[in-house]
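1. dropping a prediction and its sequence here:
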Number of protein chains: 2
Amino acid sequence: MLERTDGVVLERAGRKRGETRDRLLDLAERAVLEKGFAATSIDELIVAAGITKSGFFYHFRDKGELAKALLTRYLERDEVILDDLFGRAAELHEDPLHRFLIALKLFAEMLADLPGAHPGCLAASYCYQDTLFSQEIRDLNAAGVRAWRARFRGHLAEIAALHPPRIPVDLDVLADMAATLVEGGIMVSRVLRDGAILPKQILAYRDHIRLLFLREH
Amino acid sequence: MLERTDGVVLERAGRKRGETRDRLLDLAERAVLEKGFAATSIDELIVAAGITKSGFFYHFRDKGELAKALLTRYLERDEVILDDLFGRAAELHEDPLHRFLIALKLFAEMLADLPGAHPGCLAASYCYQDTLFSQEIRDLNAAGVRAWRARFRGHLAEIAALHPPRIPVDLDVLADMAATLVEGGIMVSRVLRDGAILPKQILAYRDHIRLLFLREH
DNA sequence: CCGAAACTGTACCCGTGGTACAGCGCCGGC
DNA sequence: GCCGGCGCTGTACCACGGGTACAGTTTCGG
């Protein structure tokens, strides 16, 4: 046990590797989504994490390295979530169109079940402060959006091969429409403080896909 | 002419009234869209405007008042642009559905004709830094998004009355879809540095409207 | 020529990012 | 059982930016 000048007693039972670092990332992610990267001070993070400034700079060379670690972790988790979502949808149906429609429904449900509204998207937050970041980080962000496009385009190509669309359609545009509605939906949800808007927009995208590809009546 | 809080009307003297103030707003808008409000320093604005810090605080009580003036001006201009767009579309066709489709085409053309990509949306930028701003500013932002919803909902209600939709549809969701695709489209365009994405998303929205309401084939 | 609008100049406070570097407790491995 | 390195702490210091305070100056219209 160690007592700081302010009287706070710290436990110092040799912390596990990456434990404090992960706590810093968690705290930073919340703060950045709330008020942006520039307005998130190192000081507030170290107070919340119960460490000193030196401790912060032990884990991250500078604020830019924090930004990079934050985005990398965010994009990795994002991939895992979507893999899981489309994986589960694939177990439920054989046809690519119906798999896609199921995945969109599951996605909308997942977003609707969040307590309160969606906290926001790091990629969008970074996008609106992009001159603050290195080219490397901007490239990382672009790669993330392109991964979304590639994923959705893949599903859409399978669908279009089996179900000719009712009107001519550019599959890249249709793939980007997913990312666009998610990003825009998060923004509109946040501004209006209504968490229901985002899942409804996903379902509107689902309707568009149905109208384009589904042959019925 | 300026009306003071006590009602006295002041006349312009020295430099033309609002000239420097407008220049500060122009510079601030560019900077905020590029790197966010928190990262935009008063210092860079006064250097670019060729005035001193005292000059800045003559025009704005603090940075918050700059933020408010910036957003107010932005939302006002936005209204004018959309009024003009839908006004021109109304001159070209009598049917509300075709007017709407024409307006969306004009909108997409306008966005495609911008040199480079769309510079960004202040409302979205503020949204991702919203704890920095006063409740008043957040309310202003929400009112702006609600104005978009009301405008589009009005057109859609007229359309739905004449052209029953092919599938059941929530007009509020369909109205929000416009704002959502614009905000998301700006974000994706920026991240991928491809100004063509935003207008294509508008046209995808147009396709969705056509599939929903247009009876042909 | 007067008064007010639209500034300038100076001085000062605090918070934040960032640098530099010495030291110290704890744990695993030899 | 001791030793090295990991994961920090402590201290000191710098520049910049937001913000406050307030007196003084220029310019222009009436």
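-> Looks like it arrived, so ask away. In this text, all values refer to a predicted model and were calculated from it rather than measured experimentally.
2. what's the helix or strand for A:P164?
-> Counting by DSSP states H and E, no helix or strand carries A:P164.
3. hmm, the one helix or strand A:E65 maps to in reach of DNA strand C?
-> Using DSSP H and E, A:E65 falls within helix A:63-92. Yes: interface with DNA strand C: helix A:63-92 contributes A:K63, A:G64 (Cβ under 7 Å from any atom of the strand). For glycine as for every other residue, the C-beta is placed from the backbone atoms N, C-alpha and C.
4. can the helix or strand just after that helix be found next to chain B?
-> Where DSSP H and E defines the elements, the next helix or strand beyond helix A:63-92 is helix A:96-112. No: taking Cβ under 8 Å from any Cβ of the partner chain as the criterion, helix A:96-112 and chain B are apart, separated by no less than 11.6 Å.
5. kindly export the helix or strand just after helix A:96-112 (C-alpha atoms) in CSV.
-> Beyond helix A:96-112 on the C-terminal side, the first helix or strand identified by DSSP H and E is helix A:122-127. These are the backbone C-alpha positions of helix A:122-127, laid out as CSV (Å, rounded to 0.1, in the frame of the first residue of the first chain):
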residue,chain,number,x,y,z
LEU,A,122,-14.8,6.3,-33.0
ALA,A,123,-14.3,6.4,-36.8
ALA,A,124,-16.8,9.2,-37.1
SER,A,125,-15.4,11.1,-34.2
TYR,A,126,-11.9,10.9,-35.6
CYS,A,127,-13.2,11.8,-39.1
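6. roughly how far does A:G18 sit from chain B?
-> Relative to chain B, A:G18 is positioned 28 Å away (Cβ to the nearest Cβ, to the nearest Å).
7. run a quick neighbour tally on the residue of chain A found nearest chain B.
-> Closest residue of chain A to chain B, Cβ to the nearest Cβ: A:G184 (3.0 Å). Residues within reach of A:G184, counting by other Cβ atoms under 10 Å in any protein chain shown, total 29.
8. and the helix holding A:E65 with helix A:96-112, angle?
-> Helix A:63-92 runs at 130 degrees relative to helix A:96-112, counting by axes from the mean of the first three to the mean of the last three Cα atoms, to 10 degrees.
9. for helix A:63-92, the distance to its chain's centre please.
-> On the basis of Cα atoms, centre = their mean, to the nearest Å, helix A:63-92 sits 7 Å off its chain's mean C-alpha point.
10. and the residue of chain A closest to chain B, how far is that from B:E79?
-> 19 Å (Cβ to Cβ, to the nearest Å).
11. same question for A:I197.
-> 22 Å.
12. between those two, which is the more surrounded one?
-> A:I197 (27 against 13).
13. ok, and the closest non-adjacent residue to the more buried one?
-> Spatial nearest neighbour of A:I197, excluding adjacent residues (Cβ to Cβ, 6 or more residues apart in numbering or on different chains): A:S189 at 4.4 Å.
14. that neighbour is in what secondary structure piece?
-> Going by DSSP H and E, A:S189 is part of helix A:171-192.
15. can I get that helix as CSV, trimmed to CA atoms?
-> Output in CSV follows, covering the C-alpha atoms of helix A:171-192 (Å, rounded to 0.1, in the frame of the first residue of the first chain):
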residue,chain,number,x,y,z
LEU,A,171,-23.3,-2.8,-55.6
ASP,A,172,-20.5,-0.6,-54.1
VAL,A,173,-23.0,2.2,-53.6
LEU,A,174,-25.4,-0.2,-52.0
ALA,A,175,-22.6,-1.6,-49.8
ASP,A,176,-21.6,1.9,-48.7
MET,A,177,-25.2,2.6,-47.9
ALA,A,178,-24.9,0.3,-44.9
ALA,A,179,-22.0,2.2,-43.4
THR,A,180,-23.6,5.5,-44.3
LEU,A,181,-26.9,4.6,-42.6
VAL,A,182,-25.1,3.4,-39.5
GLU,A,183,-22.9,6.5,-39.2
GLY,A,184,-25.7,8.9,-40.0
GLY,A,185,-28.1,7.0,-37.8
ILE,A,186,-25.7,7.2,-34.8
MET,A,187,-25.3,10.9,-35.5
VAL,A,188,-29.1,11.6,-35.7
SER,A,189,-29.8,9.3,-32.7
ARG,A,190,-27.3,11.3,-30.6
VAL,A,191,-28.4,14.7,-31.6
LEU,A,192,-32.1,13.9,-31.0
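16. following the chain onward from it, which element is next?
-> As assigned by DSSP H and E, the chain's next helix or strand after helix A:171-192 is helix A:197-213.
17. report the angle between the axes of that next one and helix B:197-213?
-> If you take the same axes, to 10 degrees, helix A:197-213 sits at 70 degrees to helix B:197-213.
18. tell me, how many residues neighbour A:A67?
-> For A:A67, using other Cβ under 10 Å, the count is 24.
19. helix or strand for the residue lying closest to A:L82 once chain neighbours are set aside, which one?
-> Take A:L82 and drop its neighbours on the chain: the residue closest to it by Cβ to Cβ, 6+ apart is A:R151, 6.4 Å away. Assigned by DSSP H and E, A:R151 belongs to helix A:135-162.
20. tell me the angle of that helix relative to helix B:197-213?
-> Counting by the same axes, to 10 degrees, helix A:135-162 points 30 degrees away from the direction of helix B:197-213.
21. helix A:135-162: how far from the chain's middle?
-> Its chain's C-alpha centre and that of helix A:135-162 lie 14 Å apart, by Cα atoms, centre = their mean.
22. that one to helix B:171-192, inter-axis angle?
-> Going by the same axes, to 10 degrees, helix A:135-162 makes 130 degrees with helix B:171-192.
23. how does chain A divide up, domain by domain?
-> Domain ranges of chain A: A:1-60, A:62-213, per automatic domain parsing.
24. mind checking which of those domains is nearest B:G36?
-> When the domains of chain A are compared by Cβ to Cβ, domain A:62-213 sits nearest B:G36, at 3.9 Å.
25. okay, how far is it across that closest one, tip to tip?
-> 50 Å (Cα to Cα, to the nearest Å).
26. stretch A:88-104 too?
-> Note: stretch A:88-104 ends 11 Å apart using Cα to Cα.
27. in it, what's buried?
-> A:A89, A:P96, A:L97, A:R99, A:F100, A:L101, A:I102, A:A103, A:L104 (16 or more other Cβ atoms under 10 Å in any protein chain shown).
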